[in-house]
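Peer 1: Next comes the sequence, and after it the predicted model I'd like to discuss.
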Amino acid sequence: MPTLRIALAQVNSTVGDIPGNVAAVRRWSREAADAGAHLVAFPEMMLTGYPIEDLVFRNSFVEASRQALTALAEGLAADGLGELAVVVGYVDADGPPAISSAAVPGSGRRDASALLHRGAVVATYYKHHLPNYGVFDEDRYFEPGDTLTVVRLGGADVALTVCEDIWQAGGPFSAARRAGVGLVVNINASPYELNKDDVRLALVQRRAIEAGAAVAFVNMVGGQDELVFDGDSMIVSAGGELLARTGQFSEELLVHDLELPVAADNAPAPDGRDGMMIERFLVSGDISEISGTADGGIADRLPDHAEIWSALVLGLRDYVDKNRFRSVIFGLSGGIDSAVVAAIAVDALGPERVVGVSLPSGFSSGHSKDDAADMAKRTGLDYRIEPIQPMVDAFLANMSLSGLAVENLQARVRGVILMALSNQEGHLVLTTGNKSELAVGYSTLYGDSVGGFNPLKDVPKTMVWQLARWRNTQGDPPIPENSITKPPSAELRPDQKDSDSLPDYEILDPIIKGYVDHDLGRDELIAAGNDPALVDRTLRMIDLAEYKRRQSAPGTKISGKAFGRDRRLPITNLFREGV
Ligand SMILES: Nc1ncnc2c1ncn2[C@@H]1O[C@H](COP(=O)(O)OP(=O)(O)OC[C@H]2O[C@@H]([n+]3cccc(C(=O)O)c3)[C@H](O)[C@@H]2O)[C@@H](O)[C@H]1O
Ligand SMILES: Nc1ncnc2c1ncn2[C@@H]1O[C@H](COP(=O)(O)OP(=O)(O)OP(=O)(O)O)[C@@H](O)[C@H]1O
Ligand SMILES: NC(=O)CC[C@H](N)C(=O)O
């Protein structure tokens with residue numbers, strides 16, 4: 001029985017930074033070789049980052065990816081790593097150049113995996129199953145491959161597959177059984193959402209059994225606009241037993257020895273109902289002898305709140321760093337939302353890169369200023385005070401405004417100040433509205449909704465409180481207790497409370513979840529026990545706020561359905577539930 005030492009490189013690539021991503025492959029390949037690995041696998045689209053969206057239509061981009069791949073193969077050999085088999089994701093094309101931003105049939109854009117060895121690209125594989133739901137639009141971008149690539153290395157047969165190939169029965173995994181491979185390598189760009197780790201493990205186990213082969217599943221880690229990749233790479237035996245698993249949300253090299261069956265030269269059963277062809281490549285008959293043993297170990301999964309917090313921290317850090325911002329700035333009101341944003345930002349970037357500004361008006365309570373100052377003292381963030389009343393008064397001296405217009409004016413003056421400080425000092429402005437507020441439109445357009453990124457965009461208000469309490473149990477509590485316990489208020493008029501305009505968030509959030517996350521209609525929401533009048537009111541607010549969401553800042557997805565790419569609704573829409 002050949003034993004292969006497999007390394008899974010759970011690493012962070014950046015969309016468009018092809019030279020940086022190539023350098024990362026060379027760096028991690030060196031580590032894998034030093035650990036005695038025979039094969040190292042990198043994530044889907046490692047060379048380009050993922051998702052590349054409409055960049056795929058630019059021939060120059062696809063060509064840069066293809067050239068980087070061949071140069072990488074040569075570079076690895078030049079580094080003395082030619083004997084290591086390196087599996088890496090990239091974008092390829094094997095049809096005529098694209099002529100417009102449409103998925104021209106035959107233009108052959110491919111979501112591809114390649115095996116590099118001894119300075120050459122030995123084999124390539126094109127992703128067969130293309131996800132086209134939720135945040136994925138791969139039918140728009142790629143053509144599916146129809147041939148399973150099997151490589152022989154050290155007397156074992158290994159099949160190459162890409163991400164969605166593992167999410168659907170049939171196709172490559174069923175072809176892998178026909179080909180009689182010992183191992184299927186599945187390279188991923190599988191974004192995080194809560195509880196997806198449990199789904200993934202069961203899935204990888206199911207596919208291993210379907211293929212009758214061990215599965216090495218490697219996922220990327222890091223943030224890309226609204227997505228965050230959590231890693232969670234693993235190796236599962238042909239019988240479905242979990243053998244090794246990485247931690248979540250950090251770069252890691254998992255190295256594990258796998259005993260594989262000796263490859264047989266029988267032709268595969270020809271009549272596969274999977275509809276795939278099988279193509280075989282010889283990589284190398286002999287491989288280096290194993291020294292010692294490598295057991296990757298099985299890392300514990302994070303509990304839910306720790307997992308969500310890690311996702312939000314990594315999502316923000318990578319957005320800031322990859323877009324080359326030195327620091328972030330936001331209004332620090334003493335309320336729970338800006339307090340939790342401050343704690344996430346300090347965890348992500350360190351207090352010296354976080355600026356919190358108290359922007360008191362005539363209606364700001366004493367405790368709002370004290371709680372903001374307390375938050376700053378606890379975390380060491382850069383705290384400023386910019387009173388807004390003189391600027392609000394200047395507007396009111398020159399315009400006749402009343403009621404809501406005056407309320408929103410305060411939020412807008414705050415937005416102008418934050419954007420001015422951003423322009424002056426170069427900070428990224430964070431906006432702080434949570435998923436519940438975004439759902440019902442409880443924010444001022446061009447006011448508190450200004451900003452380039454929103455860490456709480458996919459976090460319902462009730463979870464904002466839970467996260468605050470959880471974070472305060474981890475070491476020194478960063479969030480003032482008063483910010484957690486006081487009733488939420490926008491403080492735009494005397495004694496204003498969120499509860500004047502909105503039902504309690506404990507009642508509101510389940511309705512939002514049903515309507516937004518699960519697409520339930522009015523009758524189903526009422527059948528689930530929600531008050532009919534409240535359902536009608538909430539659905540109306542959600543429907544009418546679509547225009548605000550369409551122009552809202554991006555923020556990290558943590559749920560099964562986030563606002564943005566996951567949930568796409570027309571703004572102009574006269575359909576009303578139950579009417
Ligand atoms: N379909 C559509 N397409 C494009 N634009 C549309 C539109 N419908 C209205 N608009 C525009 O939007 C304007 C109305 O929106 P906007 O100006 O924002 O005003 P609006 O949504 O009426 O008021 C803001 C609400 O958010 C609350 N708030 C504000 C600040 C902070 C917080 C908090 O606690 O987090 C809550 C505030 O108390 C108030 O209830 C209209 O005047 C119109 O210009
Ligand atoms: N006095 C203030 N100083 C600084 N920023 C403010 C102030 N008031 C509002 N903001 C900004 O506007 C955002 C929305 O205001 P709002 O008061 O609704 O939220 P919050 O204070 O964070 O939380 P809560 O909804 O619990 O009150 C705040 O998160 C904050 O960024
Ligand atoms: N990149 C992909 O193919 C990802 C799709 C897959 N269903 C996932 O969410 O992990």
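Peer 2: Looks like it came in fine. Residues are numbered from 1 along each chain as shown. Ligands and ions are numbered 1, 2, ... in the order given.
Peer 1: Please, which helix or strand holds the residue in the stretch 301-450 of the chain that ligand 3 sits nearest to?
Peer 2: Residue nearest to ligand 3 within the stretch 301-450 of the chain (CB to the nearest ligand atom): Ala311, separated by 14.3 Å. From N, CA and C alone the C-beta is placed, and that goes for glycine too. Using DSSP states H and E, Ala311 sits in helix 304-322.
Peer 1: next structured bit after that helix?
Peer 2: strand 328-331.
Peer 1: which residues are in contact with that following strand?
Peer 2: Outside strand 328-331, the residues within contact range by CB atoms under 8 Å, 6 or more residues apart in numbering are 316, 320, 338, 341-342, 345, 349, 353-359, 414, 418, 421-422, 425, 427-432, 448, 451, 453.
Peer 1: So is the next helix or strand after it next to ligand 1?
Peer 2: As assigned by DSSP H and E, the chain's next helix or strand after strand 328-331 is helix 336-349. No: judged by CB under 6 Å from any ligand atom, helix 336-349 stays clear of ligand 1, getting no closer than 7.0 Å.
Peer 1: Let me see the contact set for Gly334.
Peer 2: Ser358, Ser365, His367, Ser368, Lys369, Asp370, Asp371, Ala372, Met375, Pro480, Asn482, Ser483 are the contacts of Gly334 under CB under 8 Å, 6+ apart.
Peer 1: The residue of the stretch 301-450 of the chain closest to ligand 3: how many residues sit nearby?
Peer 2: Counted by other CB atoms under 10 Å, the residues lying close to Ala311 total 26.
Peer 1: ok so, going back, can you tell me which of the contacts of strand 328-331 are in helices?
Peer 2: Under the assignment DSSP state H, the contacts of strand 328-331 contribute Leu316, Val320, Ser338, Val341, Ala342, Ala345, Leu349, Arg414, Leu418, Leu421, Ser422, Glu425 to helices.
Peer 1: Selection in ChimeraX covering whichever of these are buried, please.
Peer 2: The ChimeraX command for the buried members of the ones in helices among the contacts of strand 328-331 (criterion: 16 or more other CB atoms under 10 Å) is given here:
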select :316,320,338,341,342,345,349,414,418,421,422
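Peer 1: of the ones in helices among the contacts of strand 328-331, closest to ligand 2?
Peer 2: Ser338 (3.5 Å).
Peer 1: In contact with the closest one, which residues?
Peer 2: Per CB under 8 Å, 6+ apart, neighbours of Ser338: Phe330, Gly331, Leu332, Gly356, Ala372, Thr432.
Peer 1: Can you tell me which residues in the chain are near ligand 2?
Peer 2: Residues of the chain lying near ligand 2 (CB under 6 Å from any ligand atom): 330-333, 335-338, 357-360, 364, 368, 414, 432, 448, 488-491.
Peer 1: in the sheet, who's paired with the residue nearest the centre of the chain?
Peer 2: Ranked by distance to the mean C-alpha position of the chain (CA atoms, centre = their mean), the top residue is Val228 at 1.9 Å. Beta bridges link Val228 to Gly223 when assigned by DSSP bridges.
Peer 1: Any residue of the helix or strand of the chain with the lowest mean pLDDT touching ligand 1?
Peer 2: Least confident element among the helices and strands of the chain, by mean pLDDT, DSSP states H and E: helix 498-501 (a mean of 83). Yes: interface with ligand 1: helix 498-501 contributes Asp498, Ser501 (CB under 6 Å from any ligand atom).
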